[in-house]
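In: sequence plus predicted model, see below.
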Amino acid sequence: MTNAETALRTNGSKPKAKVKTGCRTCKARRVKCDESFPVCQKCLTTGRICDGYGVWGGGGNQYGRRQVSRSPRDVLSIPPVAGMATLVAGMDEKALFDWFQRRAIVKLPGSYFSDLWTKFILQVSHNEQAVWHAILAVSSTHRVGFVDISSATASELEHSTLQHLSKAVQHLHPHFRSRDKASFTVVLIACIALITLDLLRGHFASAQVHLRNGLNILAEAQYSFHSKACSSDRVLLLSNDSLDSLIAEAFLRLNIQVELLQNPGRPRPCLLAPHLQPSLVEVNHSTPQFSSYIAVWHSLGRLINDVFHLSTHVHEHQTNKDDLTIHQKHVARALKTWLKAYNDSLPTLQLFMPQTITNGKARVHHLVLSYHIMLTIMMETIIHRSKEMIFDNHTHNFTELINHLSKTYELSSPDLKAASNFSTAVPHRREEKCTWVQGHDMAHTIIDFGWFIPLFYVAVKCRNRDIRHQAVRLLQLTTHREGFWDGKVTACIARRVVDVEEGDFYNGCDDNTGPTSSTNVVEPGLTLPESSRIRDLEVQMSGNPLEKVLLYGVFDGIDDNRVCIGEYHVLEQRWV
């Protein structure tokens with residue numbers, strides 16, 4: 001039994017010391033805590049800052065690390081509790097802000113709870129009208145998916161969204177003209193909120209435009225204020241300022257979501273240059289440990305960025321092969337070090353865990369391991385980018401990966417599984433407690449990456465029939481959104497890739513859809529030939545909201561020319 005399994009199965013044991021449950025704030029006040037995760041609702045509703053649940057920080061929000069001393073010059077980061085935007089707000093705006101604070105920022109970040117959402121965005125919004133109206137626009141759209149309302153009320157909320165969106169853009173103009181550090185920060189925070197709004201509305205093309213613009217603004221800001229440090233390498237740096245770091249990390253995580261959808265040969269923005277990252281291998285020769293899952297995700301995000309840098313290195317035509325091998329070995333060491341650190345940290349991560357969040361922690365455990373396995377496969381195959389047959393050597397990795405993803409689904413909340421039964425629901429269907437908006441499940445929609453990315457990777461890269469078909473089936477069971485990834489659309493794309501590659505290759509064979517425990521070996525006679533496999537898959541989305549999806553790829557023997565694999569019309573739900 002691995003360290004991971006041991007920690008997960010023994011987390012129910014009670015410590016010798018008698019420990020009361022609840023967040024630290026409620027304990028200090030000697031009041032009953034509702035133990036909401038990641039932050040206590042009793043603290044939020046009374047205007048207090050929740051200090052979290054001990055070593056795991058309430059899901060990694062790290063409230064206990066907040067600074068007591070506040071610099072008078074740091075007005076942007078720590079504004080007064082009641083700023084100008086709050087004082088002039090009407091009842092409708094205050095209701096929307098309350099919804100954003102109580103519901104949206106608790107759900108939207110997914111399993112990656114950052115102080116950017118739970119603290120800084122709320123604080124900046126009190127003084128900055130641009131951010132204030134941006135988050136109210138997000139709240140209006142998010143609220144439609146939770147309330148049993150009439151079409152007239154839905155129309156009013158949509159009108160409210162557009163009003164606040166217009167005001168947010170209007171209040172950004174002075175900051176574009178100012179171009180000082182404080183203005184750059186306001187613009188970048190507002191940009192993150194507007195990307196979130198686009199994602200909730202299904203405006204994926206617009207979200208990608210906002211993301212590119214945000215990356216360019218972030219680059220300009222970093223070059224302007226760190227010109228000496230950047231002049232030699234022309235890369236984006238993270239400053240020591242916590243807010244700057246959180247903003248850069250937010251853009252990094254948004255950019256990660258679109259990486260698998262893009263042409264692998266295109267230039268990539270370098271938010272975190274590998275030699276500037278606090279690498280686990282270089283900094284901690286004695287294996288480090290993670291104190292919270294937020295630290296786990298933070299480190300894993302940097303590893304994902306490392307793998308994408310390796311991919312960029314591979315696609316540079318003048319790259320020396322020896323340099324590639326050295327780069328690959330560096331990433332391989334970092335992945336091994338990360339896994340050892342994670343396994344060693346599990347007893348701490350699971351320590352004194354309240355029963356109310358046990359399932360959530362176990363789900364995140366399987367999810368982070370899924371990403372680690374996916375990155376390992378990518379790292380080992382990326383140098384052989386023109387040989388799709390290389391993935392057949394990693395069937396055992398794909399088996400382990402799909403097993404983790406299956407457990408993630410099994411640990412999902414009952415209402416998420418129930419939502420799977422409505423996967424054929426029509427847009428705007430509304431019933432009591434129904435959470436359907438424009439054909440997707442808003443109640444489980446997040447803006448961070450979740451399990452869609454590794455599931456999609458299995459479906460398009462694993463050519464073992466049983467494993468990839470199970471990945472497609474799991475995608476078809478989901479109807480929510482994870483950032484740029486819509487459950488229904490992702491399932492359609494995965495199914496299209498599988499159908500194009502397999503064609504009639506398996507005609508006459510039994511459709512074995514059993515468990516994956518017996519899928520470690522692929523019969524040689526049933527192995528898809530290289531000529532049938534798609535490489536360098538690219539997904540292009542157009543329309544706001546999404547109207548059309550275009551798939552492009554390269555087949556072996558066609559002189560590396562990209563061909564259109566299909567065109568999906570979203571409203572008609574068909575390929576043409």
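Out: Structure received.
In: how near is D323 to V307?
Out: Shown here: D323 relative to V307, a distance of 16 Å by CB to CB, to the nearest Å. Bear in mind the C-beta positions are built from the backbone N, C-alpha and C, glycine included.
In: and these two? Which one has more around it.
Out: Taking neighbours as other CB atoms under 10 Å, D323 and V307 compare with V307 leading, 22 against 11.
In: list the residues that contact the more buried one.
Out: V307 makes contact with 331, 375, 378-379, 382, according to CB atoms under 8 Å, 6 or more residues apart in numbering.
In: gap between Q350 and A295?
Out: When Q350 is compared with A295 (using CB to CB), they lie 14 Å apart.
In: next: Q328.
Out: Distance, Q328 to A295, using CB to CB: 26 Å.
In: got it, and D306?
Out: 17 Å.
In: please apply the same query to Q257.
Out: Relative to A295, Q257 is positioned 21 Å away (CB to CB).
In: following the chain past whichever helix or strand I294 is part of, name the next helix or strand.
Out: Using DSSP states H and E, I294 sits in helix 293-315. Proceeding N to C from helix 293-315, the next assigned helix or strand is helix 321-349, under DSSP H and E.
In: that following helix versus helix 293-315: what angle between them?
Out: If you take axes from the mean of the first three to the mean of the last three CA atoms, to 10 degrees, helix 321-349 sits at 170 degrees to helix 293-315.
In: which SSE is immediately downstream of helix 321-349?
Out: helix 358-381.
In: CA atoms only: put that following helix into CSV for me.
Out: This file holds the C-alpha atoms of helix 358-381, laid out as CSV (Å, rounded to 0.1, in the frame of the first residue of the first chain):
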residue,chain,number,x,y,z
THR,A,358,-13.1,14.4,3.6
ASN,A,359,-14.7,13.6,0.2
GLY,A,360,-13.5,16.8,-1.3
LYS,A,361,-9.9,16.3,-0.2
ALA,A,362,-10.0,12.7,-1.6
ARG,A,363,-11.3,14.0,-4.9
VAL,A,364,-8.6,16.6,-5.1
HIS,A,365,-6.0,13.9,-4.2
HIS,A,366,-7.0,11.8,-7.2
LEU,A,367,-7.2,14.9,-9.4
VAL,A,368,-3.7,16.1,-8.7
LEU,A,369,-2.3,12.6,-9.2
SER,A,370,-4.1,12.5,-12.6
TYR,A,371,-2.3,15.7,-13.7
HIS,A,372,1.0,14.3,-12.5
ILE,A,373,0.5,11.1,-14.6
MET,A,374,-0.6,13.2,-17.6
LEU,A,375,2.5,15.4,-17.3
THR,A,376,4.8,12.3,-17.0
ILE,A,377,3.4,10.9,-20.3
MET,A,378,3.7,14.3,-22.0
MET,A,379,7.3,14.7,-20.8
GLU,A,380,8.4,11.2,-22.0
THR,A,381,6.7,11.4,-25.4
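In: now it: mean pLDDT?
Out: For helix 358-381, mean pLDDT rounds to 90.
In: and the angle from that helix to helix 293-315?
Out: With the same axes, to 10 degrees defining the directions, helix 358-381 sits at 20 degrees from helix 293-315.
In: which secondary structure elements does the helix or strand following helix 358-381 sit against?
Out: Counting by DSSP H and E, the next helix or strand C-terminal to helix 358-381 is helix 395-410. If contacts are counted by 3 or more CB pairs under 8 Å, 6 or more residues apart in numbering; DSSP states H and E, helix 395-410 sits against helix 358-381, helix 452-461, helix 465-476.
In: how about the ones you listed in a markdown table, adding mean neighbour count and distance to D504?
Out: Formatted as a markdown table, those follow (neighbours: other CB atoms under 10 Å; distance: least, CB to CB, whole Å):
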| stretch | mean neighbour count | distance to D504 |
| --- | --- | --- |
| helix 358-381 | 21 | 27 |
| helix 452-461 | 25 | 19 |
| helix 465-476 | 22 | 14 |
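In: closest to K167 out of those?
Out: Among the helices and strands packed on helix 395-410, helix 452-461 comes nearest to K167, with 32.8 Å by CB to CB.
In: who's in contact with that closest one?
Out: Applying CB under 8 Å, 6+ apart, the contact partners of helix 452-461 are 257, 260, 370-371, 373-374, 377-378, 388, 391, 398, 401-402, 405, 467-468, 471-472, 474-475, 478, 482, 485, 487, 490, 493-494, 497-498, 534, 537.
In: who's more crowded, Q350 and A295?
Out: The residue with more neighbours, out of Q350 and A295, is Q350; 22 against 19, by other CB under 10 Å.
In: for the helix holding I294, give the mean pLDDT please.
Out: Rounded mean pLDDT across helix 293-315 is 85.
In: and the angle for it with helix 452-461?
Out: Relative orientation of helix 293-315 versus helix 452-461 (the same axes, to 10 degrees): 40 degrees.
In: list the buried ones in helix 293-315?
Out: Neighbour-count burial for helix 293-315 flags 293-315 (criterion: 16 or more other CB atoms under 10 Å).
In: ditto for stretch 172-185
Out: Residues of stretch 172-185 classed as buried: 172, 175, 183-185 (neighbour count, 16+ other CB under 10 Å).
In: can you lay out the helices and strands packed on helix 395-410 as TSV showing distance to H126?
Out: Output for the helices and strands packed on helix 395-410, formatted as TSV (distance: least, CB to CB, whole Å):
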stretch	distance to H126
helix 358-381	30
helix 452-461	34
helix 465-476	41
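In: who wins for proximity to K340 among those helices?
Out: Nearest of those (CB to CB): helix 358-381, 11.2 Å.
In: which elements pack onto the closest one?
Out: Judged by 3+ CB pairs under 8 Å, 6+ apart, helix 358-381 is in contact with helix 3-9, helix 293-315, helix 321-349, helix 395-410, helix 452-461.
In: mind checking the ones you listed for the one nearest to L528?
Out: helix 452-461 (11.8 Å).
In: tell me what angle that closest one forms with helix 465-476.
Out: Here the directions of helix 452-461 and helix 465-476 differ by 140 degrees (the same axes, to 10 degrees).
In: residue ranges of the strands in the stretch 451-576 of the chain, please?
Out: Assigned by DSSP state E, counting those that start in this stretch, the strands in the stretch 451-576 of the chain fall at 481-482, 485-486, 534-542, 548-555, 563-569, 574-575.
In: deepest of these, which one?
Out: Among those, strand 485-486 has the highest mean neighbour count (mean count of other CB atoms under 10 Å), at a mean of 27.
In: partners of that strand in the sheet?
Out: Sheet pairing here is set by DSSP bridges, and for strand 485-486 it gives strand 481-482 (antiparallel).
In: out of the contacts of V307, who's nearest L157?
Out: Checking the contacts of V307 against L157 with CB to CB, the nearest one is L375 at 39.8 Å.
In: so the closest one touches I304, yeah?
Out: Yes: using CB atoms under 8 Å, L375 is in contact with I304, at 6.4 Å.
In: ok, which stretches of the stretch 51-200 of the chain are helices?
Out: 57-60, 84-87, 91-99, 105-107, 115, 121-125, 129-144, 151-178, 181-201 (DSSP state H, counting those that start in this stretch).
In: for the shortest one, which helices and strands make contact with it?
Out: Identification of packing neighbours for helix 115 by 3+ CB pairs under 8 Å, 6+ apart yields no helix or strand.
In: need the mean per-residue confidence for that helix.
Out: Mean predicted lDDT for helix 115 stands at 82.
In: got it, and the third one?
Out: Here helix 91-99 scores 87 as its mean pLDDT.
In: and what of stretch 553-572?
Out: Rounded mean pLDDT across stretch 553-572 is 86.
In: what does that stretch contact?
Out: Stretch 553-572 is contacted from outside by 263, 386, 388, 489, 492-493, 496-497, 500, 530-538, 543, 546-552, 574-576, using CB under 8 Å, 6+ apart.
In: can you name the residues that contact L537?
Out: L537 makes contact with 460, 497, 551-553, 565 under the criterion CB under 8 Å, 6+ apart.
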